[in-house]
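J.: Sequence first, then the predicted structure, then my questions.
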Protein chains: 6
Amino acid sequence: MPQPKHLTGLKLRTPSRAKLDADMQKYFRLCEEKLGFVPNVLGAYSFDQAKLRAFIAMYNDLMLADSGLSKLEREMLAVVVSSANRCYYCLTAHGAAVRQLSGDPELGEMLVMNWRTVRLPRRQRALLEFAHKLTVAPAEVGETDRDALRQAGWSERDIWDAASVVGFFNFTNRVATGVDMMPNTEYHGQAR
Amino acid sequence: MPQPKHLTGLKLRTPSRAKLDADMQKYFRLCEEKLGFVPNVLGAYSFDQAKLRAFIAMYNDLMLADSGLSKLEREMLAVVVSSANRCYYCLTAHGAAVRQLSGDPELGEMLVMNWRTVRLPRRQRALLEFAHKLTVAPAEVGETDRDALRQAGWSERDIWDAASVVGFFNFTNRVATGVDMMPNTEYHGQAR
Amino acid sequence: MPQPKHLTGLKLRTPSRAKLDADMQKYFRLCEEKLGFVPNVLGAYSFDQAKLRAFIAMYNDLMLADSGLSKLEREMLAVVVSSANRCYYCLTAHGAAVRQLSGDPELGEMLVMNWRTVRLPRRQRALLEFAHKLTVAPAEVGETDRDALRQAGWSERDIWDAASVVGFFNFTNRVATGVDMMPNTEYHGQAR
Amino acid sequence: MPQPKHLTGLKLRTPSRAKLDADMQKYFRLCEEKLGFVPNVLGAYSFDQAKLRAFIAMYNDLMLADSGLSKLEREMLAVVVSSANRCYYCLTAHGAAVRQLSGDPELGEMLVMNWRTVRLPRRQRALLEFAHKLTVAPAEVGETDRDALRQAGWSERDIWDAASVVGFFNFTNRVATGVDMMPNTEYHGQAR
Amino acid sequence: MPQPKHLTGLKLRTPSRAKLDADMQKYFRLCEEKLGFVPNVLGAYSFDQAKLRAFIAMYNDLMLADSGLSKLEREMLAVVVSSANRCYYCLTAHGAAVRQLSGDPELGEMLVMNWRTVRLPRRQRALLEFAHKLTVAPAEVGETDRDALRQAGWSERDIWDAASVVGFFNFTNRVATGVDMMPNTEYHGQAR
Amino acid sequence: MPQPKHLTGLKLRTPSRAKLDADMQKYFRLCEEKLGFVPNVLGAYSFDQAKLRAFIAMYNDLMLADSGLSKLEREMLAVVVSSANRCYYCLTAHGAAVRQLSGDPELGEMLVMNWRTVRLPRRQRALLEFAHKLTVAPAEVGETDRDALRQAGWSERDIWDAASVVGFFNFTNRVATGVDMMPNTEYHGQAR
């Protein structure tokens, strides 16, 4: 049962890296230095550099820019959303990120398998509950849910950021599953 | 029962338009010329221009750039996704867009209420079926679903675009519902 | 994409109006005077006047007879139920009725798209919550739900009427969808 | 654990039978002759004779008038719908009716517990599949489902009747559950 | 519509009883003395006596050994679980057991049809709520649910026993449905 | 965020190992030799040796006895069932078993996250589809599902074994989640 190693299940021609614009070549080298490889999502998007740039810009703003949510907390949201949607690509990549940023392999596994089993401070638990509900029952989210975040200590701006990160992984989950995107195999052994 | 007129339910300070950077001021004026008003989503995002720019860049790439999916077809996807998620903002704004682009008010209503009632050529019906399933059951989407699109005449690239547009409105639906974003009232009477 | 204009998707012979009994002819003329047209549901039912009469009798008792629920409130229930069931016919007809009776087009749209977005007095919100739950999870409705209505100010008789109206549109939604009944196109532009 | 014997959970004053109009007194006596008792649903409705009459008229038209569906088939639909909605009143009353009309106690039990376990001719199985889907997922019913009935031998008129009976028990299930209506205890031991 | 009388829908050769080991022959005779027949589940399992013995051992430990849950309470759990899963075999066999142990035929029917209709002391209601949730949404069960049992008077050990009985019928329901096991017809008329 | 290390969330006194009967002491030593530790499920069950023995007997019969399903296939069923139910204990323990028996860490991860992403021979895919459906929608399983297994090459006896293994993990998932059982931490790093 050898498993697939393709970027995606679509027959889209992606250019050799040497054909990318200079800024994108530089960005890919940066990924290799930092992560050891270029994430397949970027390789897949490189068939159209306008889309690639729009994706990177939004990703970096949501996951790396200043926010009341720490980087780990944003990665935890990524995994909770991806677990509800059962997205193999995002669970693999962001599960590894949680293990690395937290130094706690069990935390990553618990979030992948069932986030409710994790013992968390009230502030973070409220965040994960919001993420789960906004993912599986967006039509039912309302002021009560925002108030629960406020009471757990999150600011108005934090709620915006939380809704945006949750929304974003509901986007990437559907792109990845919709085009059968496969994660880099390097993720699996990381930070176990 | 006067209904809310706020941009969002969050207490976020948004700058007066005169305080925005020149390119964003220009973009807002362009919206007013083309639509008669600045969509509330842009007003809401203006509290942070980096986020505003990332959102506009992705929106314009997905909805306006060249694609095998027509602009109307992409708006139809927006409505089918938003109907499944029952997003009041997106249904209002993109329902109006479908009515205008198609010149067919009933089409817009049917997509808002139940897309299955619409009579469509097989090619478009396959697109809406894909959009619905990728929205409500992403974990179950697979090669069979992509093959259904292929057999209905869509290319590999079209499948990427379809998955991306479907993903994107699963993002905006959750941001809009998550922060209680209200649509401009002008949409309601348009193209009836 | 010209949309269907048939009464229903069934090949049932309906008599010319001149062949109907005198009381039914009179009732149809009354509809034309009041609404400007005969609702398609009555045209469809006219293939069997016993069924037509039973339907009209029950409809008029539930929607027009004295009740602690105002006519607008009963129309609001009709839309909330029909939205949960995504019935194109009933959403079109009763969405128009809500717009007309309330003089508030946005209220009609919100109820069609997602009733939870509407700002309502507690009394009416409780009514819509009961309607939604009794529609989507009837097996789970119990004394707690009736008590919520009582605490919001509704009487024992009002609860009977609410359950009956909710039940009735769960009936008409299934008849309309089951036989592919199409609403009169006149509804779409009304009270926008 | 003595179980409730009330007509409904609502405190509604119902008149003594002697206070009912003559035609209704006669109808109740007819019930007693035929069934041995007056079904509680009629007792409950008697607080308002206009509602009682509208209910009886519709019930008798749907369940007793001429139709391509036999009386047993209509009772089978009643049980399949009521099982999906888990309506205690209707399962008790119509489960007994199926046992009596069919002379097959196991058939009644199977329909109450899980209709899919019953071995049926294709014609009847198609009918139950339609009933189940129209009950639990009305938004998804369409021409394919009607065609399945046609191919199983049902006429256009039969489809109308099936949708109507299915719709009607989706009505009564919600009235009965919504007001906590209790079935006559006599049903339990019948035709075992 | 003669209904099936087979042990299961699988073509598995089961030995004549005379070929079973002495202890199993004795156990079957014991069943006949106590119940009047050998339950079909045992007949079905007899194709492999190792499996038969493991099943009997676990069944007897869970349902008959000492526990803070009475035998009736355990049978009530069996019916609530089997109702959620709509298992015809288990509902038939354990519905009869509830009728017999409680001397209350209506209680058995209510649990089969909709356990929420039963009037119960708080202690038992909490037990049934736990059983239902652990059956239909195991991923969502947590400390809050265990605390609800504790507050209703159940001990730590009782919670173990409740979870085990609920788990066990989630096992038998799937074996019975998975292999199309049919209950002995004798159950239907018992204790009506 | 130190995660819990308890056997279960219940305050149940478990005996020191020296107090167990000789055969159970021997079985625990065997586990240590083979796995390096005693699985927490056995430690948890040791509060009552009758239950412990019944569990071990059934477990060993289902997972280790002769069967047309290989040990790896049975472990794959365990993970597919536990993923649907999101059981942290069983996913951890049996995910490790799949990684070890298959020598394919990605296979284990895919089954935990979304079994549909795995490329499998038709015979095994049919098995996993049966397991998933029998877990999430047991009421809908019927002859069509058994025929799909037969056509994929499975025997009558294999179907029994598949239904039993699927059923068994629907049991253990609910016991583990119901009592908050935590897996041994050793599993996490195994066979990565």
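T.: Sure, I can see it.

J.: how about the residues of chain A near chain F?
T.: Taking CB under 8 Å from any CB of the partner chain as the measure of proximity, chain A contacts chain F at A:1-4, A:83, A:86-88, A:91-92, A:102, A:104-107, A:109-110, A:112-114, A:117-121, A:124, A:185, A:188-189, A:192. All C-beta spots, glycine's among them, are computed from the backbone N, C-alpha and C.

J.: So is stretch A:65-78 next to chain B?
T.: Yes: Stretch A:65-78 lies within reach of chain B by CB under 8 Å from any CB, at A:Ala65.

J.: In that stretch, which residues are buried?
T.: Neighbour counts using 16 or more other CB atoms under 10 Å in any protein chain shown place A:Ser67, A:Leu69, A:Leu72, A:Glu73, A:Arg74, A:Glu75, A:Met76, A:Leu77, A:Ala78 of stretch A:65-78 among the buried residues.

J.: Considering these, which is situated nearest to chain C?
T.: Ranking those by separation from chain C, with CB to the nearest CB as the measure, puts A:Leu77 on top at 23.1 Å.

J.: pLDDT averaged over the host helix or strand of the closest one - what is it?
T.: According to DSSP states H and E, A:Leu77 maps onto helix A:71-85. Helix A:71-85 comes out with an average pLDDT of 98.

J.: Output it as CSV, nothing but the C-alphas.
T.: Provided in CSV are the C-alpha atoms of helix A:71-85 (Å, rounded to 0.1, in the frame of the first residue of the first chain):
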residue,chain,number,x,y,z
LYS,A,71,1.5,31.6,17.4
LEU,A,72,0.9,28.4,19.3
GLU,A,73,-2.7,29.4,20.0
ARG,A,74,-3.2,30.1,16.3
GLU,A,75,-1.7,26.7,15.4
MET,A,76,-4.0,25.1,17.9
LEU,A,77,-7.0,26.7,16.1
ALA,A,78,-5.6,25.4,12.8
VAL,A,79,-5.6,21.8,14.2
VAL,A,80,-9.0,22.0,15.9
VAL,A,81,-10.6,23.3,12.6
SER,A,82,-8.8,20.7,10.5
SER,A,83,-9.8,17.9,12.8
ALA,A,84,-13.4,18.8,12.5
ASN,A,85,-13.1,18.8,8.7
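
J.: I'd like the next helix or strand past it.
T.: Counting by DSSP H and E, the next helix or strand C-terminal to helix A:71-85 is helix A:88-102.

J.: For chain E, tell me whether that following helix is touching it.
T.: No: Helix A:88-102 is not in contact with chain E by CB under 8 Å from any CB; minimum separation 15.6 Å.

J.: which residues are contacting that helix?
T.: Taking CB atoms under 8 Å, 6 or more residues apart in numbering or on different chains as the criterion, the residues outside helix A:88-102 that touch it are A:39-41, A:71-72, A:75-76, A:78-79, A:81-83, A:105, A:107-109, A:111-112, A:169, A:172-173, A:176-177, A:181-184, A:187-188, A:190-192, F:1, F:109-110, F:113-114, F:117.

J.: what residues does chain A put near chain E?
T.: If contact is defined as CB under 8 Å from any CB, the residues of chain A in contact with chain E are A:Asn114, A:Arg116, A:Thr117.

J.: burial of the residue nearest to the last one when sequence neighbours are not counted, as a residue count?
T.: In space, and not counting its chain neighbours, A:Thr117 is closest to F:Tyr88: 4.5 Å by CB to CB, 6 or more residues apart in numbering or on different chains. Applying the criterion other CB atoms under 10 Å in any protein chain shown, we find 26 residues in the vicinity of F:Tyr88.

J.: From B:Asn170, how far off is A:Gly189?
T.: Distance, A:Gly189 to B:Asn170, using CB to CB, to the nearest Å: 31 Å.

J.: That should have said A:Val175, apologies.
T.: As defined by CB to CB, A:Val175 lies at a distance of 10 Å from B:Asn170.

J.: more neighbours, the two?
T.: Residue environment comparison for A:Val175 versus B:Asn170 gives the larger neighbour count to B:Asn170, 31 against 27, counting by other CB under 10 Å.

J.: about what we covered before: just send the buried residues of stretch A:65-78 back as TSV, with distance to F:Val136 too.
T.: What follows is the buried residues of stretch A:65-78, written out as TSV (distance: CB to CB, whole Å):
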residue	distance to F:Val136
A:Ser67	37
A:Leu69	33
A:Leu72	32
A:Glu73	31
A:Arg74	31
A:Glu75	29
A:Met76	26
A:Leu77	26
A:Ala78	25
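
J.: Out of those, which is nearest to chain B?
T.: Using CB to the nearest CB, A:Ser67 is the member of these that sits closest to chain B, with 10.2 Å.

J.: Which member of the buried residues of stretch A:65-78 is positioned nearest E:Ala131?
T.: Closest approach between the buried residues of stretch A:65-78 and E:Ala131, by CB to CB: A:Met76, at 32.0 Å.

J.: give me every residue that touches the closest one.
T.: A:Met76 sits next to A:Val98, A:Leu111, A:Gln124, A:Leu127, A:Leu128 when contact means CB under 8 Å, 6+ apart.

J.: Of those - the most surrounded one?
T.: The most neighbours of any of the contacts of A:Met76, using other CB under 10 Å, belong to A:Leu127, which has 28 neighbours.

J.: State the distance from that residue to C:Lys51.
T.: To C:Lys51, A:Leu127 is 55 Å away according to CB to CB.

J.: one step back: which ones among the residues of chain A next to chain F map onto helices?
T.: Among the residues of chain A next to chain F, the members falling in helices (DSSP state H) are A:83, A:88, A:91-92, A:102, A:105-107, A:109-110, A:112-113, A:124.

J.: Of the residues of chain A next to chain F, grab the buried ones for ChimeraX.
T.: Burial among the residues of chain A next to chain F is assessed by 16+ other CB under 10 Å; the matching ChimeraX selection reads:
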select /A:83,86,87,88,91,92,102,104,105,106,107,109,110,112,113,114,117,118,120,124,188
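
J.: and chain A, which of its residues are near chain C?
T.: A:Ala139, A:Glu140, A:Gly142.

J.: Filter these down to the buried ones.
T.: Listed as buried from these are A:Ala139; burial here means 16+ other CB under 10 Å.

J.: Adding secondary structure and pLDDT, write the residues of chain A next to chain C out as JSON lines.
T.: Rendered in JSON lines, the data for these read as follows (DSSP: H, G, I helix; E, B strand; the rest coil; pLDDT from 0 to 100):
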{"residue": "A:Ala139", "secondary structure": "helix", "pLDDT": "98"}
{"residue": "A:Glu140", "secondary structure": "helix", "pLDDT": "98"}
{"residue": "A:Gly142", "secondary structure": "coil", "pLDDT": "97"}
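
J.: Could I get the CA-only coordinates of the lengthiest helix in chain A as PDB?
T.: Using DSSP H, we find that the single longest helix of chain A is helix A:156-178. Extracted as PDB, the C-alpha positions of helix A:156-178 are listed here (Å, rounded to 0.1, in the frame of the first residue of the first chain):
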ATOM      1  CA  GLU A 156     -12.700  42.500  20.600                       C
ATOM      2  CA  ARG A 157      -9.700  42.400  18.400                       C
ATOM      3  CA  ASP A 158      -8.800  38.900  19.600                       C
ATOM      4  CA  ILE A 159     -12.300  37.800  18.500                       C
ATOM      5  CA  TRP A 160     -11.700  39.200  15.000                       C
ATOM      6  CA  ASP A 161      -8.400  37.300  14.900                       C
ATOM      7  CA  ALA A 162      -9.900  34.100  16.100                       C
ATOM      8  CA  ALA A 163     -12.800  34.200  13.600                       C
ATOM      9  CA  SER A 164     -10.300  35.000  10.900                       C
ATOM     10  CA  VAL A 165      -7.900  32.100  11.700                       C
ATOM     11  CA  VAL A 166     -10.900  29.700  12.000                       C
ATOM     12  CA  GLY A 167     -12.300  30.900   8.700                       C
ATOM     13  CA  PHE A 168      -8.900  30.700   7.000                       C
ATOM     14  CA  PHE A 169      -8.400  27.000   7.900                       C
ATOM     15  CA  ASN A 170     -12.000  26.300   6.800                       C
ATOM     16  CA  PHE A 171     -10.700  27.700   3.500                       C
ATOM     17  CA  THR A 172      -7.400  25.800   3.300                       C
ATOM     18  CA  ASN A 173      -9.000  22.500   4.400                       C
ATOM     19  CA  ARG A 174     -11.400  22.700   1.500                       C
ATOM     20  CA  VAL A 175      -8.700  23.700  -1.000                       C
ATOM     21  CA  ALA A 176      -6.400  20.800   0.200                       C
ATOM     22  CA  THR A 177      -9.200  18.200   0.200                       C
ATOM     23  CA  GLY A 178     -10.800  19.600  -2.900                       C
END
